[in-house]
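Peer 1: Fold the following.
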Amino acid sequence: MTRQGRCTLRDTLPGTVEKAALAGLLVLANAAAAAALWQHRRYLRVRRTVVHDDQPIYHSRGAFHVLTFLRASPGADTVSEVRALRRATEGSQAGWIYAGKAVVTPHHSAQIGEKDWSAVVLLQYPSRVAYERHAESAELRAALGRFEEVYVQGFRRSSLVSAMIPQLLLAMRAAQIVGRRPSHFPLRRTQSQDVLSRVEQLPHRLREEVEFGTHAIVIVNLIQQGTREQRSANRRYTMSMLSAMAEGGYGPLHIGRPVRVERNYEFDAVALVYYPGVEFFVDLIQSEYFQAIFGDKQLGDTQAVITVPILDRL
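Peer 2: Residues are numbered from 1 along each chain as shown. The predicted model follows:
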């Protein structure tokens with residue numbers, strides 16, 4: 001090879017490598033974008049067709065969300081009572097996002113007390129002013145007056161943060177695959193009779209609501225953080241739960257910052273979390289995996305209400 005030929009090869013090789021590297025990066029970027037789009041559509045399909053959650057993907061920063069916990073009169077049909085409430089909001093600025101029939105409240109707030117809620121509904125208003133105007137209306141007051149007890153919790157929800165949660169779970173799942181981490185599934189049932197006897201009433205109660213909860217349940221959480229030690233333990237619990245959620249394709253639907261509407265209750269976060277059905281949740285709470293991490297769920301105060309979706313029935 002002549003000296004001129006060798007110089008030409010040395011001059012050409014770096015450019016070829018750079019082009020190949022750029023092409024590889026473009027392939028990876030396109031693959032990542034395609035995966036992110038697939039994940040977005042996957043969770044949107046679950047939200048709309050399984051959970052029957054009508055949350056718009058994007059909303060203004062001023063949008064105000066309102067969780068309303070309802071306790072119906074003895075003997076009243078919960079779905080009918082919530083249906084009447086929805087009719088009373090027609091023509092208002094209230095957007096119905098989620099409605100759930102309450103199954104059980106496994107964690108009662110020390111602030112709110114032991115309440116046997118019948119339903120939880122989530123509404124979205126253009127602003128807090130719009131909500132307050134509606135709350136003062138005779139129509140809404142009369143509709144809420146049909147219930148024996150009502151508690152309203154406001155919160156603000158970032159559409160960007162909420163949209164990124166599925167992508168965070170996707171990234172966690174990718175790390176699990178690349179790292180060849182062992183699967184969480186199928187869940188192995190604990191052999192501890194003490195554990196099984198302690199939780200035996202919850203599976204029975206959940207299975208009573210299989211008509212509405214075959215494919216989805218939603219746990220509505222009001223959360224008050226605890227001490228530094230409790231927060232550290234709870235982070236371990238949360239990361240362990242998110243790890244299984246990333247693999248199983250379920251998880252948070254709404255995460256928000258509480259805004260006090262009534263009473264002097266103090267909470268730090270609102271979270272509505274979807275699980276794929278009654279039987280799945282029964283298997284989860286009876287599993288070795290869940291029982292191994294549950295002790296780390298430590299909070300200053302919390303109310304957790306297990307619900308089954310009913311918005312499509314209203």
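Peer 1: Quick check: what element follows the helix or strand of the chain with the lowest mean pLDDT along the chain?
Peer 2: The weakest-scoring helix or strand in the chain, judged by mean pLDDT, DSSP states H and E, is helix 3-45 (a mean of 74). Sequence-wise, the next helix or strand downstream of helix 3-45 (DSSP states H and E) is strand 64-71.
Peer 1: So which bits of the helix or strand following that following strand are buried?
Peer 2: In the C-terminal direction, the helix or strand that comes right after strand 64-71 (DSSP H and E) is helix 78-88. For helix 78-88, burial by neighbour count (16 or more other C-beta atoms under 10 Å) applies to 78-79, 81-82, 85-86, 88. C-beta here means a position set from N, CA and C on the backbone, and glycine is covered the same way.
Peer 1: And for stretch 298-314?
Peer 2: Buried residues in stretch 298-314 (16+ other C-beta under 10 Å): 298-311, 314.
Peer 1: Strands along the stretch 101-250 of the chain, start to end?
Peer 2: With strands called from DSSP state E, counting those that start in this stretch, the stretch 101-250 of the chain shows them at 119-125, 149-156, 217-224.
Peer 1: pLDDT averaged over the second one - what is it?
Peer 2: Mean pLDDT, computed over strand 149-156, is 97.
Peer 1: can you give me the angle that strand makes with strand 217-224?
Peer 2: Going by axes from the mean of the first three to the mean of the last three C-alpha atoms, to 10 degrees, strand 149-156 is angled at 80 degrees with respect to strand 217-224.
Peer 1: can you check the shortest one too?
Peer 2: Here strand 119-125 runs at an angle of 70 degrees relative to strand 217-224 (the same axes, to 10 degrees).
Peer 1: helices or strands up against strand 119-125?
Peer 2: Judged by 3 or more C-beta pairs under 8 Å, 6 or more residues apart in numbering; DSSP states H and E, strand 119-125 is in contact with strand 64-71, helix 78-88, strand 95-107, helix 128-135, strand 301-309.
Peer 1: ok, it: who's next to it in the sheet?
Peer 2: strand 64-71 (antiparallel), strand 95-107 (antiparallel) (DSSP bridges).
Peer 1: What would it look like as PDB? C-alpha coordinates only.
Peer 2: The C-alpha trace of strand 119-125 is given here as PDB (Å, rounded to 0.1, in the frame of the first residue of the first chain):
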ATOM      1  CA  ALA A 119     -67.800   5.100  48.100                       C
ATOM      2  CA  VAL A 120     -65.100   7.500  47.000                       C
ATOM      3  CA  VAL A 121     -65.400   9.800  44.000                       C
ATOM      4  CA  LEU A 122     -62.700  12.000  42.400                       C
ATOM      5  CA  LEU A 123     -63.800  15.200  40.600                       C
ATOM      6  CA  GLN A 124     -61.700  17.700  38.700                       C
ATOM      7  CA  TYR A 125     -62.500  21.400  38.600                       C
END
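Peer 1: In contact with V282, which residues?
Peer 2: Residues near V282 by C-beta atoms under 8 Å, 6 or more residues apart in numbering: 202-203, 206-207.
Peer 1: Same question for G248.
Peer 2: So G248 contacts 184-185, 276 (C-beta under 8 Å, 6+ apart).
Peer 1: Please report the distance of E279 from I217.
Peer 2: Going from E279 to I217 by C-beta to C-beta, to the nearest Å gives 10 Å.
Peer 1: Please dump the buried residues of helix 78-88 into CSV; it should also carry distance to V270 and pLDDT for every row.
Peer 2: Converted to CSV, the buried residues of helix 78-88 look like this (distance: C-beta to C-beta, whole Å; pLDDT from 0 to 100):
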residue, distance to V270, pLDDT
T78, 22, 96
V79, 24, 96
E81, 23, 96
V82, 20, 97
L85, 20, 97
R86, 21, 96
A88, 24, 93
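Peer 1: Tell me the one of those residues nearest Q55?
Peer 2: Nearest to Q55 out of the buried residues of helix 78-88 is R86 (C-beta to C-beta; 16.2 Å).
Peer 1: Who wins on neighbours among the contacts of V282?
Peer 2: Per-residue neighbour counts (other C-beta atoms under 10 Å) across the contacts of V282 peak at L206, which has 21 neighbours.
Peer 1: pretty sure that one contacts V278?
Peer 2: Yes: the criterion here is C-beta atoms under 8 Å, and L206 meets it with V278 at 4.7 Å.
Peer 1: what sits in contact with each of the two?
Peer 2: Counting by C-beta under 8 Å, 6+ apart, the residues touching both L206 and V278 are 213, 217.
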